[in-house]
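*Asks:* model this:
(chains A, B, C and D)
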Number of protein chains: 2
Amino acid sequence: MKASLKSISKELNISPGTISRVLNGKAKEYRISEATVKRVKAYAQKVGYTPNLVAKSLQASKSFTIGLILPDISNPFFSTMAKHIEQQASAMHYSILLMDSDEQLEKETKALQQLYSRKVDGIILCPVGFEGSHYKEQFKDMGIPVVFVDRYLKGIDVPFVSSNNYKGAYDAVEFLIQKGHKIIGLIQGDQKLLTVNEREKGFKKALQDYNISFNTKLLLGNGFNEENGYVSIMQLLKEKNKPTAILCMSNQICLGVLKAAKELQLNLPQDLSIISFDENPYAEYITPSLTTIKQHNDKMGAKAFNLIYDLIQGQKSEDPSFLIDTEIIERRSIFALL
Amino acid sequence: MKASLKSISKELNISPGTISRVLNGKAKEYRISEATVKRVKAYAQKVGYTPNLVAKSLQASKSFTIGLILPDISNPFFSTMAKHIEQQASAMHYSILLMDSDEQLEKETKALQQLYSRKVDGIILCPVGFEGSHYKEQFKDMGIPVVFVDRYLKGIDVPFVSSNNYKGAYDAVEFLIQKGHKIIGLIQGDQKLLTVNEREKGFKKALQDYNISFNTKLLLGNGFNEENGYVSIMQLLKEKNKPTAILCMSNQICLGVLKAAKELQLNLPQDLSIISFDENPYAEYITPSLTTIKQHNDKMGAKAFNLIYDLIQGQKSEDPSFLIDTEIIERRSIFALL
DNA sequence: CTGAAAGCGCTTACAG
DNA sequence: CTGAAAGCGCTTACAG
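*Replies:* Model prediction:
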C-alpha cells in the first residue's frame, strides 16, 4: 500500500537514507550514482510515493503550517483575507490551520494552544482581546512568530498589517464635508479597539481641519454589529441637532442603519446621507446605492502572509508593520447639500 | 524551555513512559502510585507542558486533523459552511486544514495531495470536477475517508451533504406560479453540476405539475457567476415571449441580473420578478427587496463534519447522504400578476 | 557512492 | 507500580 522509505528500501535493497537523499534532490550533493537515482525515482514514481509530512515535521521541527485565527470566518471581510492568505501560503508550500475564535477570548486562547501543540511555524492572528499584556503573557516562551492582521494592540511588540484607519475615516469625513455636510454622526465599533480609536481620531481631525466644531453627542456606538448600528442611529436621530450625514464603521453597523431608515421610512439620501466602511457586492443595488470605504483585505491578507513568512525565515524587517490605504467607492448615498 | 516527556523525565527521575501514562489519564489503569501522579502533574503544570501533537500523530497514525477544500472561501456561501465545520470540529478536538481550490481542478488536485501527505484523518470536499471517475482514481489507495459537501457526483460512492436542490427549485417555481407567473426563465449554474441538474428537474417538474408548457429558450446560462447572470438575462429579455419572472441559481447570478436591470432601467418587480438561490444580509435593502431561496449551509457544514467524523470512527451509516431543505424568504421582488 | 545509526517526541506491549 | 525498548517515518552527521 502506502509506500514509505522503508518499504521502498526493502524492495530495492537500497538504504532508506539513500532513497531519502535521491527523492529530496540531493543526489548530486551526495554523488549518488546515476543508476541508483534512476532506479529509486522510477520505483517511487511507480508506487506513487508521497512523503509523510508529519514524520518530516517531527524530525525537522518545522511543519510548513501556519495557524490562522479569525474572529468570524463567515464574515466576508475576514473570509476574503483568509482566501488571500491561503493563496500566498499554498504558493509557498505552506498549509493553513484555520480557527474561528467567534469573537470570544476563551476560544481564541484554546486555538492558540492548539496551534502551539501542533507546532505551526507561525501564527496570523486577528486578536479578539484588548490588552497587549494578555498576549504578551501568552506568546511568552511559545517560541512561535506571530503577526496581527486587521486589529492590533498597544503594549506588545508584534508586527501587524491593518488598514490605514485614521486616513480612511479622515477621507470619508472630508468627502462628506465637501458635499456640504457639517453635522456628521459617527457610529463606532468596539471602542476598546485601536482601529476604532484611529478612525475616531481621523474623524475628529477632519472636522477640526475644516473648522467644524465637534459635538460629542454625534459620536456613539460600541460594537461592529447590526444591533449597535440600529440603536445608535435611532439615538442620533433624536438629537435636536441631528446629523445630516453618518459614517458607519462597518458593513454590519450600516445594515443596522439601513434597517432603522427603512422602519422610519426615511427618504435617503435627502433625509440622511450614509458612508460606511467595507465594500460589498450589493452596495450598487441598495437604494440609494451605497458609498463605501473599501478596505483592501486582499492586500492585507497577502501582506500578512509575507510578514509571517519573513519572520519564519528569520528576517526581521526594521519597521515590520503596515498600514494599507482604504479607498472611497462613490455611489449615491450622499446627498449634496451645496 | 518547551518541556518534553524527556526533559520532565530527567528532572523528576521518572521514565517518560510513566509520565506519558499519568498525563494521559491512565494512572489508574496502570496503577501508578498517588505520589508519582502528584509529582508528575504538579511539575507538568508548573513548566506548562503541552504535548507535541506532531509526535503524537506520527506514532498514532492519526492527526486529529481534517482537510477542508472549498472552491472559494471568500464567498459567504462557503465561508459560512466553513465556520460551522470548524465549530463542530474544534468541539471534537479536531483541527481544520483549509485549502481554497479557486474553482480550479489543478489546485484541487494539489490540495488533495497535500492533505494526503499531511495524513489528515478525513477530508471534506466541495468538488470542482465533474467526473466521478476522476475522483475515484484520486481517492483510490489514499485510505482517507472523504465526504462531499454542497456538490456531489455520479459514478462514485462518496457520502455527501447538499441542499435539496430539486425541491428548492420546485418550490420556487411553484411560488412564482401561485403569484400568477407563467413565463418563467431559469438562469443556470454550471450545467455539468449535478446540483444544477437537480434544480433544472425541479423547475421543469413544477411547470409540468401546473400544466405550463416548457419553453427551452427560457432556460439558459452556464455558470455560478455574475457575468453569466448578466449575459443570460440580456438574452432572455430579447425573446419575443420574454419571461415575467426569473429564477437565479445563485447570488452571483442574481447580481448579474440586477446589473442588467439597472442598465436597462427596468422597473422592478413590475417589469421582471426575481427569485434567487442564496440568502444574503443585504437582500432586505435592495430595491425591490429580494425574495430568496435560503440554503441552510450552517446545517450543511455541521452535518458534513458529523459525517466525516462518523466515518473516521469507522461507523458507516447505511444511507450516508443528506439533502437539507431550502427555505423561501419572501420579500418584494415578485410581482403578483393575479 | 552508500549504509548504519541516532534522533525528532511520543506511546505501549513487554517485563519485572 | 514502573522502566527499558521498540517503533511511528523521516533526515543527516558520521563512516567507510
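*Asks:* what ranges does chain A have for its strands?
*Replies:* Under the criterion DSSP state E, chain A carries strands at the ranges A:65-70, A:95-100, A:122-125, A:146-149, A:160-163, A:184-187, A:219-220, A:245-248, A:273-277, A:291-294, A:322-324, A:327-329.
*Asks:* from the chain's centroid, how far away is the third one?
*Replies:* The one in question is strand A:122-125. Centre-to-centre, strand A:122-125 and its host chain are 11 Å apart (CA atoms, centre = their mean, to the nearest Å).
*Asks:* same thing with the last one?
*Replies:* Between the mean C-alpha location of strand A:327-329 and the chain-wide mean there is a distance of 19 Å, by CA atoms, centre = their mean.
*Asks:* wait, does that strand contact chain B?
*Replies:* No. If you take CB under 8 Å from any CB of the partner chain as the test, strand A:327-329 misses chain B, and the best it gets is 15.0 Å. For the C-beta atoms, the positions are set from N, CA and C on the backbone; glycine is no exception.
*Asks:* so which residues make contact with that strand?
*Replies:* With contacts defined as CB atoms under 8 Å, 6 or more residues apart in numbering or on different chains, strand A:327-329 is touched by A:Asp171, A:Ala172, A:Phe175, A:Ile275, A:Glu279, A:Ala283, A:Thr291, A:Thr292, A:Ile293, A:Lys294, A:His296.
*Asks:* of all those residues, which comes closest to DNA strand C?
*Replies:* Checking the contacts of strand A:327-329 against DNA strand C with CB to the nearest atom of the strand, the nearest one is A:His296 at 40.0 Å.
*Asks:* just list whatever residues bridge to the closest residue to that closest one other than its chain neighbours.
*Replies:* Once flanking residues are discounted, A:His296 sits nearest to A:Ile324: 5.4 Å by CB to CB, 6 or more residues apart in numbering or on different chains. Beta-bridge partners recorded for A:Ile324 (DSSP bridges): A:Ser163.
*Asks:* list the contacts of A:Ile324.
*Replies:* Going by CB under 8 Å, 6+ apart, A:Ile324 touches A:Val161, A:Ser162, A:Ser163, A:Asn164, A:Gln295, A:His296, A:Lys299, A:Met300, A:Lys303.
*Asks:* hmm, 10 Å instead?
*Replies:* Shown in contact with A:Ile324 (CB atoms under 10 Å, 6 or more residues apart in numbering or on different chains): A:Val161, A:Ser162, A:Ser163, A:Asn164, A:Gly168, A:Gln295, A:His296, A:Asn297, A:Asp298, A:Lys299, A:Met300, A:Lys303.
*Asks:* any idea how far chain B is from A:Gln191?
*Replies:* 24 Å (CB to the nearest CB, to the nearest Å).
*Asks:* cool, A:Glu284 as well?
*Replies:* The gap separating A:Glu284 from chain B is 7 Å, by CB to the nearest CB.
*Asks:* same thing with A:Pro288?
*Replies:* Distance of A:Pro288 to chain B, given as CB to the nearest CB: 9 Å.
*Asks:* that residue: how many residues sit nearby?
*Replies:* A:Pro288 has 17 neighbouring residues, counting by other CB atoms under 10 Å in any protein chain shown.
*Asks:* kindly report the same for A:Asp298.
*Replies:* Around A:Asp298 there are 16 residues (other CB under 10 Å).
*Asks:* mind pulling up the pLDDT for the closest residue to it other than its chain neighbours?
*Replies:* In space, A:Asp298 comes closest to A:His84 once its chain neighbours are excluded; the distance is 4.7 Å by CB to CB, 6+ apart. On pLDDT, A:His84 comes in at 97.
*Asks:* in contact with A:His84, which residues?
*Replies:* A:His84 is in contact with A:296-305, B:73-74, B:100, counting by CB under 10 Å, 6+ apart.
*Asks:* adding mean pLDDT and distance to DNA strand C, write the strands of chain A out as a markdown table.
*Replies:* Shown next, in a markdown table, are the strands of chain A (pLDDT from 0 to 100; distance: least, CB to the nearest atom of the strand, whole Å):
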| stretch | mean pLDDT | distance to DNA strand C |
| --- | --- | --- |
| strand A:65-70 | 98 | 16 |
| strand A:95-100 | 98 | 18 |
| strand A:122-125 | 98 | 18 |
| strand A:146-149 | 96 | 20 |
| strand A:160-163 | 96 | 30 |
| strand A:184-187 | 98 | 48 |
| strand A:219-220 | 95 | 50 |
| strand A:245-248 | 98 | 48 |
| strand A:273-277 | 98 | 44 |
| strand A:291-294 | 98 | 45 |
| strand A:322-324 | 94 | 34 |
| strand A:327-329 | 98 | 47 |
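*Asks:* please identify the deepest-packed of these.
*Replies:* strand A:245-248 (a mean of 29; mean count of other CB atoms under 10 Å in any protein chain shown).
*Asks:* need the CA coordinates for that one. PDB is fine.
*Replies:* Provided in PDB are the C-alpha atoms of strand A:245-248 (Å, rounded to 0.1, in the frame of the first residue of the first chain):
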ATOM      1  CA  ALA A 245     -24.800  62.500   7.400                       C
ATOM      2  CA  ILE A 246     -23.500  59.400   9.100                       C
ATOM      3  CA  LEU A 247     -20.300  57.500   9.000                       C
ATOM      4  CA  CYS A 248     -20.600  53.800   9.800                       C
END
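*Asks:* okay, now the sheet partners of it, with direction.
*Replies:* Short version: by DSSP bridges, strand A:245-248 pairs with strand A:184-187 (parallel), strand A:273-277 (parallel).
*Asks:* in chain A, which spans are helices?
*Replies:* Secondary structure of chain A (DSSP state H): helices located at A:5-12, A:16-23, A:34-47, A:53-60, A:76-91, A:105-117, A:132-139, A:165-178, A:194-209, A:226-236, A:251-263, A:297-312.
*Asks:* these: which one's closest to B:Ala44?
*Replies:* Of all those, it is helix A:105-117 that lies closest to B:Ala44, at 13.7 Å by CB to CB.
*Asks:* show me what counts as buried in that closest one.
*Replies:* A:Lys107, A:Glu108, A:Lys110, A:Ala111, A:Leu112, A:Gln114, A:Leu115, A:Tyr116, A:Ser117 (16 or more other CB atoms under 10 Å in any protein chain shown).
*Asks:* count the neighbours of the residue of the stretch 51-200 of chain A found nearest DNA strand C for me.
*Replies:* Nearest residue of the stretch 51-200 of chain A to DNA strand C: A:Gln59, at 3.1 Å (CB to the nearest atom of the strand). Close neighbours of A:Gln59, defined as other CB under 10 Å, add up to 10.
*Asks:* how about A:Lys167?
*Replies:* Using other CB under 10 Å, A:Lys167 has 17 other residues around it.
*Asks:* next up, the contacts around it.
*Replies:* Residues near A:Lys167 by CB under 10 Å, 6+ apart: A:Glu198, A:Arg199, A:Gly202, A:Lys205, A:Ala206, A:Leu323, A:Asp325, A:Thr326.
*Asks:* now do A:Thr36
*Replies:* Per CB under 10 Å, 6+ apart, neighbours of A:Thr36: A:Leu12, A:Ile14, A:Thr18, A:Ile19, A:Arg21, A:Val22, A:Ala27.
*Asks:* closest to DNA strand D among those residues?
*Replies:* Using CB to the nearest atom of the strand as the measure, the one of these that approaches DNA strand D most closely is A:Arg21, at 5.1 Å.
*Asks:* which residue packs closest to A:Lys299, ignoring adjacent ones?
*Replies:* A:Ile324 (5.4 Å).
*Asks:* same deal with A:Glu198?
*Replies:* If the residues on either side of it in the chain are set aside, A:Glu198 comes closest to A:Asn165, at 3.9 Å by CB to CB, 6+ apart.
*Asks:* reformat the strands of chain A as a markdown table; add distance to B:Val47.
*Replies:* Below are the strands of chain A laid out as a markdown table (distance: least, CB to CB, whole Å):
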| stretch | distance to B:Val47 |
| --- | --- |
| strand A:65-70 | 23 |
| strand A:95-100 | 25 |
| strand A:122-125 | 22 |
| strand A:146-149 | 21 |
| strand A:160-163 | 30 |
| strand A:184-187 | 47 |
| strand A:219-220 | 48 |
| strand A:245-248 | 48 |
| strand A:273-277 | 45 |
| strand A:291-294 | 48 |
| strand A:322-324 | 36 |
| strand A:327-329 | 50 |
